[in-house]
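Chemist: Fold the following and give me the result.
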Amino acid sequence: METDDDDLESKEMGVDTKGKNIRKIVLKYLFFLLSLVFAVALVGVVTQFDFSPYFTEHAQELSKHRTRGEEVEFHAVSNIEKFPHKEQRLPKDLKPLSYKLDLRVNLTTLKYRGVVKTRILCEKTTRYVILHCGDLEVLNVSVTAENNHDIAINRILAFKEYQQLCVELKGDLCRGGSYFVTIQFKNKISDKLEGFYKSWYRSETGEKRMLAVSHFEPAHARKAFPCFDEPSFKASFNISIIHDPQLYALSNMPRARLVTRKDGLVEEHFLPSVNMSTYLVAFAVVDFRYKEKMTSSGVLVRVHAPPSDFDRLEYALDTGVKVLSFYEKLFGEPFPLPKLDLLAVPDFLNGAMEEWGLVVFRRALLVYDEQFTSTDAKVKMTKVIAHELAHQWFGNLVTLRWWNDLWLNEGFAVFVEDEFGANYVMNGWDMRETVVSTSWKSALHGDSMWSSHPISVEVQKPEEIDDIFDAISYQKGAMILRMLMNYLGVEKFLNGIKGYLETYKYGNADAEELWDAIGEASGDINVKKMMRVWTDQKGFPIVSIRRKGRVFHIEQEDVLDKLMKDKKQAQNRKRWYLPISYFTESDPTVRWVTIPPHTQSYPLTTVSTSGWIMANINATGFFMVNYDEENWKKLAVQLRKDHQVFTPNDRAGLIHDVFTLACQGLLDPVLALNLSTYLVREKHPVPWALARGKSKCLMGLLSKAHKLLYKNYLWSLQDHLIHLVGMEDTGTDLERFFRYDVLSEAMRSGQRKEIRERFIRLFNELKETPLGSLRSVGPNFRYLAFSFGVNKSSEEDWHYLWSVYQQSPFDTDRKFLMSVITSFNTENIRSRNLLFSLDENRVRPQDSLFWIEMMGKGRGKMDDRWEFILKHWKTLARRYAGSYKFGNLIKAVAGSFHSKDQLKMVKKTFQSLTLGEIAVRAQSQTVEKIQHNIAGNPAHLKTSEKRIVRWLKDYKRIS
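Modeler: So this is what the prediction gives:
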């Protein structure tokens, strides 16, 4: 049995402390109550004191400084003016070179202790050692020179708001000198999903098993141990962990040695790491099982999960091995570590995190069972593994210099995941074709709001950093890389990427250095000049192509023009370098033209045709295209005649642009309807993914009396797909995926009642089936039965699904069941669901926000979710303050409001928030969405509705 750390007395260290002036002072950041009129500075005294025997090396070293018995002042200051450093970012006077981090973890008491010895290089003479330290209980601090000479400490200051600790010395640290800063500390294992936090799972016998795991991105390493917690401060890490013998530990590097101690505990030491940023440090203490394989280049890959998942790790393991080997060849750079662990954690707020050599995933994203994992879940699993492994090069090997270039990490990973990694694994399914219906569409939508932000954006505070983990950094970042690759050609682009990795490996880089590397490989193209505005300015262009005689003219318009509040805003906006691909009816050769930003109207003098022109081939450009009315009509005719003249992504791009422009009042909606008629012959899932989503926007222009007419039209275009996909859950992954999509839409739209009746019968059969026998029905059809076979007002059906949710051993199953359970619409069930969302015994904290969001708006005038959020604000803020997911929930719930009173209420709520609970950008996006809902466009709506209804009636008559 492990001993409680607090029972370890100083006498066990073998250090004679009798008669010494030794006192233990707790240096812990204090929480200052908002109700206090004046901030209170805590002043204490710190001296060296005894520590537990597993840090004998450090304890003996520190005891040398204790013999003086000197007291050191400590101040926890609340006023920045009393702190030597005035900025959120750390000073550059000191540079960490290495950390020796020793931990003792107690999963019984859920506490841990640690000693971190940091070797630093002084790059500018200073008497201040300033580093990050979160809510840790600091027990001891010492500073020594390389010759072991003690540097006397004058006082220690802590500034909670910046999470900074300042050790003020009595003498200077000299430029060029190397020193050691040693800090002893202890802490609770966190119950938030950040820092070093706890998780748990149920064993097959029902026993609750605890584990602990780290999550440090973007600025949470400081909450686990004192450090220089910024990405540019790269250093090596030498980590050891003491724990109970029935557990094992993991970290970034392989285990160097394991020692069984006299007290029965186990001490694991790991090899020193390569230089890396603090947010990539990882460690965990678990009692899992693992499967392993070796790559052809000799990297040991393991997948770890709770023992009950052991037989379901093969797919993740195979995918990890395949993708890692593929990336090594693709990037021309071997994976630099001897091993790669993939760890399935029951509680993890995000999907996964790319810590170097120890990648942490949600459990659902590593556990695959053919009878329980839907095709959609399998695809997501593949993409997430491909994404996180891409980070091992983009983010880990070469790291952003500061978080303003977060997209260099996340945009690259999304780009590589879609274009290369997942596409390599998913045989028979070209994943590159799915980009238009996912990343491209999502990024355009997010970037068409004034509250958007540039890809490269200035951030300082942790909550500001967290707030840009969004569609702009991820999807838009990926899409501008995709645009550049298609413009330059794959070979030149990849050569540039290889040069970038070679030049900056084990270091840091920014966007300018990326463009330089790609530009050098591309020849005479000034990549930096071309791409800078795409990263430095929010929004995107709408490319307008108009025919004048037989010559097409190209112009660009800022998508945010209509949202600009004054002329000054417009004057500060820049125009884009436009790489545009096109072909024409008379010439199928794809050609490229680059249009400089200063060009008002660019004539395509090389093209002379009376036929149509198609621009932005495969939707590779990050912009929308609007043609003159004649060209839209000719494209519609061509689609009806032979739609396969255009690629699936071409067709998806046309559908996206024509409906988006029509719904924004920039195009006659009749042109969109004319183009959509070709869909009666469309059989590819990608155009259909866009068509289903974008075509419904016209529904918002119709009164209730006419919505059914439009709804029936949309289904008439899809009815042929039922025969195409069939009613048997067989075939390739792509066929299964498309079938699920088509049948879902058939039942969601209220058409083909015989299909719904089949799944109602299947659901009733499943209710009579023992839970252990559910695998007799494949996951896709079982999920269709759960989604569309239930009576969403039935207590009986709800309780059945809840029992399946509670007893299912599969996280993928539970994630899907959440979406069904939360869709029940009676007042009693909604109230129950809301209460369950914050009950950790029923819904894990990682899922609470998703649970509330998935419930959708209630029937009442005021969304009951909003009332619940306000009532339980303290609990939500304690768990998720500063998290972008908390901001996403607020946007999803309050962003649907549409009255001035609701807008006023939301603004008042935001004004009363504690700083950092929801970041400023999430607040501004919510307000903008409500303002947009209020504004509407009555004149546009009235005119458009008449034209749409007339067209629908004419179409119905002649079809």
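
Chemist: If Phe74 is in a bridge, with which residues?
Modeler: Beta bridges link Phe74 to Gly44, Ile156, judged by DSSP bridges.

Chemist: can you list the weak-confidence ranges in the stretch 501-650 of the chain?
Modeler: For the stretch 501-650 of the chain, the stretches with pLDDT under 70 are 563-571.

Chemist: what do you get if the cut-off is 90, keeping everything else the same?
Modeler: 524, 548-550, 561-572, 605-610 (pLDDT under 90).

Chemist: What segments of it are helices?
Modeler: 511-522, 527-536, 567-571, 629-642, 648-663 (DSSP state H, counting those that start in this stretch).

Chemist: what's the closest of those helices to Leu560?
Modeler: helix 567-571 (8.5 Å; CB to CB). For glycine as for every other residue, the C-beta is placed from the backbone atoms N, C-alpha and C.

Chemist: Can you add mean neighbour count and distance to Phe228 and give the helices of the stretch 501-650 of the chain back as TSV?
Modeler: Output for the helices of the stretch 501-650 of the chain, formatted as TSV (neighbours: other CB atoms under 10 Å; distance: least, CB to CB, whole Å):
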stretch	mean neighbour count	distance to Phe228
helix 511-522	20	22
helix 527-536	19	27
helix 567-571	10	39
helix 629-642	17	57
helix 648-663	25	45
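
Chemist: Beyond the helix or strand hosting Glu796, next helix or strand please.
Modeler: Using DSSP states H and E, Glu796 maps to helix 795-807. Remark: after helix 795-807, the chain's next helix or strand is helix 811-821, criterion DSSP H and E.

Chemist: residues of that next one that come out buried?
Modeler: For helix 811-821, the neighbour count (16 or more other CB atoms under 10 Å) marks Asp811, Thr812, Asp813, Arg814, Lys815, Phe816, Leu817, Met818, Val820, Ile821 as buried.

Chemist: element containing the closest residue to His656 other than its chain neighbours?
Modeler: Spatial nearest neighbour of His656, excluding adjacent residues (CB to CB, 6 or more residues apart in numbering): Leu690 at 5.1 Å. Assessed by DSSP H and E, Leu690 sits inside helix 685-695.

Chemist: Which positions in that helix come out as buried?
Modeler: For helix 685-695, burial by neighbour count (16+ other CB under 10 Å) applies to Pro685, Val686, Pro687, Trp688, Ala689, Leu690, Ala691, Arg692, Lys694, Ser695.

Chemist: From Asn618, how far off is the residue nearest to His656?
Modeler: Here Leu690 is placed at a distance of 13 Å from Asn618 (CB to CB, to the nearest Å).

Chemist: can you check Asp287 too?
Modeler: Counting by CB to CB, the gap from Asp287 to Asn618 is 49 Å.

Chemist: Mind checking which of the two has more residues around it?
Modeler: A direct count of neighbours by other CB atoms under 10 Å for Asp287 and Asn618 places Asn618 higher, at 21 against 17.

Chemist: pLDDT of stretch 928-947, averaged?
Modeler: Averaging pLDDT along stretch 928-947 gives 78.

Chemist: hmm, back to that, quick check: neighbours shared by Leu690 and Asn618?
Modeler: Common neighbours of Leu690 and Asn618, using CB atoms under 8 Å, 6 or more residues apart in numbering, are Val436.

Chemist: Can you give me every residue that contacts Ala352?
Modeler: Taking CB under 8 Å, 6+ apart as the contact definition, Ala352 lies against Val359, Val360, Phe361, Arg362, Leu365, Val384, Ile385, His387, Glu388.

Chemist: Considering the residues you listed, which possesses the most neighbours?
Modeler: The residue in the contacts of Ala352 with the most neighbours, by other CB under 10 Å, is Ile385 (29 neighbours).

Chemist: Please name the nearest non-neighbouring residue to that residue.
Modeler: Closest to Ile385 by CB to CB, 6+ apart is Thr319, at 5.0 Å.

Chemist: Same check on Ala221?
Modeler: Thr278 (3.9 Å).

Chemist: For Ile189, see how far away the one you found is.
Modeler: Using CB to CB, Thr278 is found at 19 Å from Ile189.

Chemist: Please say which of the two ends up with more neighbours.
Modeler: The neighbour comparison of Thr278 against Ile189 (other CB under 10 Å) goes to Thr278, with 25 against 22.

Chemist: phi, psi of Glu292?
Modeler: Main-chain dihedrals, Glu292, degrees, to the nearest 10: phi -140, psi 150.

Chemist: roughly how far apart are it and Arg209?
Modeler: Taking CB to CB as the criterion, Glu292 is separated from Arg209 by 22 Å.

Chemist: Which one's more surrounded, these two?
Modeler: More crowded of Glu292 and Arg209, by other CB under 10 Å: Arg209, with 18 against 14.

Chemist: give the contact list for the more buried one.
Modeler: Arg209 makes contact with Trp200, Tyr201, Arg202, Ser203, Asp287, Pro306 under the criterion CB under 8 Å, 6+ apart.

Chemist: what about it, helix or strand, and which?
Modeler: Element membership of Arg209 [criterion: DSSP H and E] is strand 208-215.

Chemist: ok, that strand: who's next to it in the sheet?
Modeler: By DSSP bridges, strand 208-215 pairs with strand 195-202 (antiparallel), strand 283-286 (antiparallel).

Chemist: buried sites along it?
Modeler: Those would be Arg209, Met210, Leu211, Ala212, Val213, Ser214, His215, for strand 208-215 by 16+ other CB under 10 Å.

Chemist: got TSV for those residues, with pLDDT too?
Modeler: What follows is the buried residues of strand 208-215, written out as TSV (pLDDT from 0 to 100):
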residue	pLDDT
Arg209	97
Met210	98
Leu211	99
Ala212	99
Val213	99
Ser214	99
His215	98
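
Chemist: Just the closest of the residues you listed to Glu137, please.
Modeler: Nearest to Glu137 among the buried residues of strand 208-215, with distances taken as CB to CB, is Ala212, at 17.2 Å.

Chemist: Show me what that closest one is bridged to.
Modeler: Taking DSSP bridges as the rule, Ala212 bridges to Lys198, Val285.

Chemist: how about it, what does it touch?
Modeler: Val105, Leu107, Leu110, Tyr112, Ile189, Phe196, Tyr197, Lys198, Ser199, Ala284, Val285.

Chemist: go again using 6 Å as the cut-off
Modeler: Contact partners of Ala212, counting by CB atoms under 6 Å, 6 or more residues apart in numbering, are Val105, Ile189, Lys198, Val285.

Chemist: Got a quick PyMOL command for the buried subset of those?
Modeler: Here is the PyMOL selection string for the buried members of these, based on 16+ other CB under 10 Å:
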select buried, resi 105+189+198+285
